[in-house]
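Enquirer: sequence first, then the predicted structure:
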Amino acid sequence: MSDAYGFLAPIYQPLSTLVFGGDLVAANSVFSALAAGKISLIIGGGDAVAYSDWDESFSGEYWDTSLKMTELAKHNLERSKVRVNCGSWPGVGKFDVILLPFVLDTLPGREIEKLIGQIADSLNPGGKVILSDFFSPKTFPQRVLQGLMITGFRVFAEHLRTDLPDFERFFEGKSWRLLEEQTWRKGWIRARVYGRMDDSAY
């Protein structure tokens, strides 16, 4: 398996902190308390620093395609009952909370559609999806930085996208409802909690 993002593992947090301060970690962790006492799934969790305070009240599965990131995640999740796996989530299992930390912006649209369908099938009644990611940049410096990041990831990490996904296309309309949101950097960075529209638990 190609570890396209593996080169980032030792430098990701210092680089992220230099550019964004603690905003990316905050976006990933702001709603993570919803996972306490639940069965959770983290897809594309990277080094899992945002979940390093999870204790044994947190359980479920973590999946990331980078072996080096997975090795760091094992350390950061060691106090929890989350099982760490290297590879692509196979689309099976039942979960109460599914976390998508800055992973959809790495996938082509057709793969996002497939993944969201698998997530819908795997979400227990009353379950929630926590999405954290970059949205449309709000200022000229943000647009420049976003362009540089995408170009860098395409060159060094086999990144497949040239833009950001249209999250509303995948998560709103008749299938999902937005329950909560917090924003950083004037809305460029967002964390959202979604539930199913057809869920009788709401």
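Expert: Thanks, I have the structure now. Keep in mind that this is a model prediction, so the values were computed, not measured. Numbers count the residues shown, from 1 in each chain.

Enquirer: so after the longest strand belonging to the chain, what's the next helix or strand?
Expert: Determined from DSSP state E, the single longest strand within the chain is strand 123-134. Per DSSP states H and E, the first helix or strand lying C-terminal to strand 123-134 is helix 140-156.

Enquirer: tell me the mean pLDDT for that following helix?
Expert: Per-residue pLDDT values over helix 140-156 give a mean of 82.

Enquirer: can you name every helix or strand that the helix or strand following that helix contacts?
Expert: With elements assigned by DSSP H and E, the helix or strand that comes after helix 140-156 is helix 167-171. Applying 3 or more C-beta pairs under 8 Å, 6 or more residues apart in numbering; DSSP states H and E, one finds that helix 167-171 contacts helix 109-122, strand 123-134, strand 189-196. For every residue, glycine as well, the C-beta is placed using N, CA and C.

Enquirer: buried residues in helix 167-171, which are they?
Expert: Neighbour counts over helix 167-171 (16 or more other C-beta atoms under 10 Å) mark 167, 170, 171 as buried.

Enquirer: buried residues in the helix or strand that residue 69 is a member of, which are they?
Expert: Taking DSSP H and E as the criterion, residue 69 maps to helix 67-76. Within helix 67-76, the residues scored as buried using 16+ other C-beta under 10 Å are 68, 69, 70, 72, 73, 74, 76.

Enquirer: got a list of what the residue nearest to the third one when sequence neighbours are not counted touches?
Expert: In other words, residue 70. Leaving aside its chain neighbours, residue 70 sits nearest to residue 86 (4.2 Å; criterion: C-beta to C-beta, 6 or more residues apart in numbering). Shown in contact with residue 86 (C-beta atoms under 8 Å, 6 or more residues apart in numbering): 1, 63, 64, 65, 66, 67, 70.

Enquirer: got the confidence number for residue 86?
Expert: Per-residue pLDDT puts residue 86 at 94.

Enquirer: who does it bridge with?
Expert: residue 64 (DSSP bridges).

Enquirer: and the gap between it and residue 66?
Expert: 8 Å (C-beta to C-beta, to the nearest Å).

Enquirer: go on, residue 94?
Expert: Computed as C-beta to C-beta, the residue 94 to residue 66 distance reads 26 Å.

Enquirer: so these two - more neighbours on which side?
Expert: Neighbour totals were compared for residue 94 and residue 66, and residue 66 leads with 26 against 12 (other C-beta atoms under 10 Å).

Enquirer: worst-scoring helix or strand of this structure, pLDDT-wise?
Expert: Ranked by mean pLDDT, DSSP states H and E, the weakest helix or strand in the chain is helix 12-20, scoring a mean of 80.

Enquirer: returning to what we had before: export the helices and strands packed on helix 167-171 as JSON lines, with columns for mean neighbour count and distance to residue 100.
Expert: Below are these laid out as JSON lines (neighbours: other C-beta atoms under 10 Å; distance: least, C-beta to C-beta, whole Å):
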{"stretch": "helix 109-122", "mean neighbour count": "15", "distance to residue 100": "8"}
{"stretch": "strand 123-134", "mean neighbour count": "21", "distance to residue 100": "5"}
{"stretch": "strand 189-196", "mean neighbour count": "20", "distance to residue 100": "9"}
